[in-house]
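Colleague: A predicted structure for the sequence below; I have some questions about it.
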Amino acid sequence: MHDETTAKRKDAHLDLCATEEVAPRENATLFDDVRLVHCAMPELSVDQVELKTTWFGKTLKAPILVTGMTGGTERAGQVNRDIAQVAEEFGVAFGVGSQRAMAERPELTSTFSVRSVAPTTVLIGNLGVVQATRMSVDQVRRLTDGIGADALALHLNPGQELSQPEGDRDFQRGYQAITALVKVYGDRLLVKETGCGVSPDVARRLVDCGVRNIDVSGLGGTSWVRVEQLRSSGVARDVGAQFSGWGIPTAAAIASVRKAVGGDVRLVASGGMRTGLDIAKAIALGADFGGMALPLFRAHQEGGVAAVRTALQTVITALTYAFALTGSRTVTELRRQPRVVTGELKDWLGALT
Ligand SMILES: Cc1cc2nc3c(=O)[nH]c(=O)nc-3n(C[C@H](O)[C@H](O)[C@H](O)COP(=O)(O)O)c2cc1C
């Protein structure tokens, strides 16, 4: 019964994400408050822009991650395989959605399995920290081993859980579960939010637990409070309306977390990243990777594999141009370029230490 509910909920999420307004207001990421400075004399050939990077012992052609979305139903399996195939073609990383359904029903493994279409690229499994607190590390390990993943993304989503009438209400023992998983996964553990952002304080505690990869997944893109609000009624719907703009804007999260954790931690900027220029700005603020979910899912719904290809090509091309137009060959060079930070983002960065 519980298992059926998990799968049904996943399909309802896909329907809402495909059609409804699930993101908050314009510029909620605050990337519009960041301007990179134009270089009229780049003194480089576009071919010299080096987007290649390494992660989890593999080489990626661009610093991009398709963040975890789905799995658990036939429809979800097709979404995973189609988008993963394009991720492989472009040499970017791919994450499956929460494998909770697979833990409950191992026969659903095939809906998370994408190695037949994405044999070489970085593949990341996914589980909620709340679920992890109730499982042994061996049970968790079986999920990632079962799909040949290179790493595990452990997602934090208290905002979503509280907005779900059937969601969890107990968020204790999270750091304890993460510490236990670090012992098994080492630096192959990625801790991610799901659209409300990671603060510098939380990032510091995660690093103290041994975490070496953090996806800040901030405010500005898909709001899970909003998605759950659209599925609910009565009190849950009214409370959800108050919190659908809740969270730390992605630009504020990435810049403040980088400052808090120093250079050794790999940081993903996700949550409302919509263009290659957004990713370039995030890199300038301290990100190692840009992550996207909704735009690629929507492209898939509108035009299948071909549309996902076009969407990713557009992002990578714009990212390359942003490097060229700031006169940057590499991530290190882009980070050193001047940038202008204005408006609300400046206020956030003044407050977050
Ligand atoms: C359809 C859909 C399903 C998602 N499911 C998961 C999930 O199972 N696990 C997870 O960690 N994040 C999940 N996310 C969150 C994304 O990975 C990402 O953190 C968030 O959507 C913000 O990125 P975006 O604005 O590009 O969508 C999902 C996102 C979408 C759009």
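Modeller: Yep, it's here. Residues are numbered from 1 along each chain as shown.
Colleague: tell me the secondary structure for R115?
Modeller: When classified by DSSP: H, G, I helix; E, B strand; the rest coil, R115 comes out as coil.
Colleague: can you tell me how far it is from G197?
Modeller: 31 Å (CB to CB, to the nearest Å). C-beta coordinates here come from the backbone N, C-alpha and C atoms, glycine included.
Colleague: these two - which one has more neighbours?
Modeller: Neighbours were tallied for R115 and for G197 using other CB atoms under 10 Å; the higher tally belongs to G197 (26 against 14).
Colleague: element containing that one?
Modeller: If you go by DSSP states H and E, G197 is not part of any helix or strand.
Colleague: find the nearest non-adjacent residue to it, please.
Modeller: Once flanking residues are discounted, G197 sits nearest to I248: 3.0 Å by CB to CB, 6 or more residues apart in numbering.
Colleague: what's around the one you found, how many residues?
Modeller: 26.
Colleague: please apply the same query to G245.
Modeller: By other CB under 10 Å, the burial measure for G245, its neighbour count, is 16.
Colleague: with R75 instead?
Modeller: 14.
Colleague: pLDDT at it, what is it?
Modeller: In this model, R75 is scored at 95, pLDDT.
Colleague: which residues touch it?
Modeller: D11, L14 (CB atoms under 8 Å, 6 or more residues apart in numbering).
Colleague: distance-wise, check it relative to the ligand.
Modeller: 11 Å (CB to the nearest ligand atom, to the nearest Å).
Colleague: my guess is E344 contacts D33. True?
Modeller: Yes. Assessed by CB atoms under 8 Å, E344 is found in contact with D33 at 6.1 Å.
Colleague: compare these two (neighbour count), which wins?
Modeller: With neighbours defined as other CB under 10 Å, E344 and D33 compare such that D33 has more, 21 against 15.
Colleague: quick one: the more buried one and E193, what's the gap?
Modeller: 20 Å.
Colleague: what is the neighbour count of the residue in the stretch 101-250 of the chain that the ligand sits nearest to?
Modeller: For the stretch 101-250 of the chain, the residue closest to the ligand is G221, as judged by CB to the nearest ligand atom, at 1.8 Å. Close neighbours of G221, defined as other CB under 10 Å, add up to 25.
Colleague: the closest residue to it other than its chain neighbours and the ligand, how far apart?
Modeller: Leaving out its chain neighbours, the residue that sits closest to G221 by CB to CB, 6+ apart is G272, at 3.3 Å. Remark: distance between G272 and the ligand (CB to the nearest ligand atom) = 5 Å.
Colleague: what about the stretch 1-150 of the chain, any weak spots by pLDDT?
Modeller: 1-4 (pLDDT under 70).
Colleague: try it again at 80.
Modeller: 1-8, 24-27 (pLDDT under 80).
Colleague: around the ligand, which positions in it sit nearby?
Modeller: Contact residues, the stretch 1-150 of the chain versus the ligand (CB under 6 Å from any ligand atom): H13, L14, C17, T67, G68, M69, T70, G97, S98, N126.
Colleague: just send those residues back as a markdown table, with secondary structure and neighbour count too.
Modeller: Formatted as a markdown table, these follow (DSSP: H, G, I helix; E, B strand; the rest coil; neighbours: other CB atoms under 10 Å):
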| residue | secondary structure | neighbour count |
| --- | --- | --- |
| H13 | helix | 22 |
| L14 | helix | 19 |
| C17 | helix | 21 |
| T67 | coil | 31 |
| G68 | coil | 27 |
| M69 | coil | 25 |
| T70 | coil | 26 |
| G97 | coil | 27 |
| S98 | coil | 25 |
| N126 | strand | 28 |
